[in-house]
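Visitor: predicted model follows, preceded by the sequence.
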Amino acid sequence: MNILPNSLHARDIAYQIHPYTNARRHERIGPIVIERGSGIHVYDDQGHEYIEALAGLWSVAVGFGESRLVEAAARQMAKLPYYHTFSHKSHEPSIELAEKLVNLSPAGLDHVFFTNSGSEANDTVVKFVWYYNNALGRERKKKFIARNGGYHGITVASGSLTGLQVNQRGFDLPLPFVRHVTCPHHYRFAEAGESEEAFADRLAAELETTILAEGPDTVAAFIGEPVIGAGGVLVPPRTYWEKMQAVCRRYDVLVVADEVINGFGRVGTLFASDYFGISPDILVVSKQITSSYQPLAAVLVSDAIYQGVADQSERLGTFGHGFTGSGHPVATAVGLENLAIIEERNLVENAAKVGEHLQARLREFVDHPLVGEVRGVGLIAAIELVADKASKARFDPVGKVGQYFFAKAHEHGLIIRAIQDSIAFCPPLIITEAQIDEVVARFARTLEDVTAWVEAGMPEEGQV
Ligand code: PMP
């Protein structure tokens, strides 16, 4: 696109630093400026319509332009636009949402701490766990075990838990309190002939070996997303979580389920912990809690952790942790209304039903020469593109095909996420079967273009 002087596009290049963006490339191509949204669609300032098949950032459960959330925010803005929750202050929406989350979440999670983002929530998890173990006099029990391929955020502690190079290279991360174990992705990491269940057994054994090698008295917690999202939509073997959880229990290692993407229906159950039989000691939620209409995340903890933290706060005089926006009244009011919509419109059931349709439609591509794997559950899925189907060889360089696919998909009115060369789908939970068919049609048209480009030897723009 031709970038006119003083246009919104030129001013964006001049003034705004973008997250997850190659800044030099951005200077060359400029932004896509999204102006408005309605249902599963968003529209840019050039008049193009797109299906938002990633729900923004895996998050807009109820779709765009939901007036009930606008009204809930406006009502709360008029009544009490801001107040904090420090030093014994509180307000109705944060109290109601905390109670609601405890009632909805898996058994054994009884207390809630609010933050503004998933990253802050996972930093809060680390601090809760350290504070709790200090309260119990277990000063050495501080290490976290996370997985390669996992995503837990980008702040200094959460970015250390994340198991993706892109978030650590150049940033002097990870910090030394984290160990990463094998990514539970059978397609890539199983040994030849290894069944899904044998793979799960091996990963549970690896976790046990890691805990023993570090010393169980030094390992505090194991953290994972039930279904990995940003790392490529990776669904673990069916019994992986039961097996990992059993190892954790044996060594008094806390289980932390990061459901920032999974929570509130994404996999077809309210929480993915329910789907996999996880009984977490700590649960982290965000994104679909407000459909991202407001920034909000929550950390739910067991009563045992709360009691330790409460005792320690009395000993030290206060729990010296919190954010200006913790439990923000507008965010929590929007969260309450959003969860009410999810319940009233049976969006969790919709995710299960329409999700089956999505999974079936995407599996129609398994025989395509560029498709290595089709994977997913509920309304989250990915198609991994490979250079060689038989050997599973990746493209060289990794990510080039994904980036081309991402750009081409825009031309076909489809917003997906390219994770290296995997194409991820995570549409709003309100999506219908007919709309899924339209997503699949736009995907197929993009795949046709991309296949032709790969067959032509992946020429650079301008050489096509
Ligand atoms: N955990 C998971 C599982 C996530 O997917 C994300 C964000 N994609 C985060 C944590 C971090 O959330 P935020 O971007 O709000 O900091």
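Guide: Everything's here; your move.
Visitor: list the buried residues for stretch 164-175?
Guide: By neighbour count on 16 or more other CB atoms under 10 Å, the buried set for stretch 164-175 is Leu164, Asn167, Leu173, Pro174. The C-beta positions use only the backbone N, C-alpha and C, and glycine is treated the same way.
Visitor: contacts for it, please.
Guide: 149-151, 154, 156-157, 159-162, 180, 230-231 (CB atoms under 8 Å, 6 or more residues apart in numbering).
Visitor: could you dump those to JSON lines with neighbour count, secondary structure and pLDDT?
Guide: Listed next are the contacts of stretch 164-175 as JSON lines, based on neighbours: other CB atoms under 10 Å; DSSP: H, G, I helix; E, B strand; the rest coil; pLDDT from 0 to 100:
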{"residue": "Gly149", "neighbour count": "23", "secondary structure": "coil", "pLDDT": "98"}
{"residue": "Gly150", "neighbour count": "23", "secondary structure": "coil", "pLDDT": "98"}
{"residue": "Tyr151", "neighbour count": "27", "secondary structure": "coil", "pLDDT": "98"}
{"residue": "Ile154", "neighbour count": "20", "secondary structure": "coil", "pLDDT": "98"}
{"residue": "Val156", "neighbour count": "15", "secondary structure": "coil", "pLDDT": "98"}
{"residue": "Ala157", "neighbour count": "23", "secondary structure": "coil", "pLDDT": "98"}
{"residue": "Gly159", "neighbour count": "22", "secondary structure": "helix", "pLDDT": "98"}
{"residue": "Ser160", "neighbour count": "25", "secondary structure": "helix", "pLDDT": "98"}
{"residue": "Leu161", "neighbour count": "32", "secondary structure": "helix", "pLDDT": "98"}
{"residue": "Thr162", "neighbour count": "28", "secondary structure": "coil", "pLDDT": "98"}
{"residue": "His180", "neighbour count": "19", "secondary structure": "strand", "pLDDT": "98"}
{"residue": "Ala230", "neighbour count": "23", "secondary structure": "coil", "pLDDT": "98"}
{"residue": "Gly231", "neighbour count": "20", "secondary structure": "coil", "pLDDT": "98"}
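Visitor: reformat the residues you listed as JSON lines; add distance to the ligand.
Guide: Formatted as JSON lines, these follow (distance: CB to the nearest ligand atom, whole Å):
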{"residue": "Gly149", "distance to the ligand": "11"}
{"residue": "Gly150", "distance to the ligand": "8"}
{"residue": "Tyr151", "distance to the ligand": "5"}
{"residue": "Ile154", "distance to the ligand": "6"}
{"residue": "Val156", "distance to the ligand": "12"}
{"residue": "Ala157", "distance to the ligand": "12"}
{"residue": "Gly159", "distance to the ligand": "9"}
{"residue": "Ser160", "distance to the ligand": "13"}
{"residue": "Leu161", "distance to the ligand": "9"}
{"residue": "Thr162", "distance to the ligand": "8"}
{"residue": "His180", "distance to the ligand": "15"}
{"residue": "Ala230", "distance to the ligand": "5"}
{"residue": "Gly231", "distance to the ligand": "9"}
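Visitor: no more questions from me, cheers.
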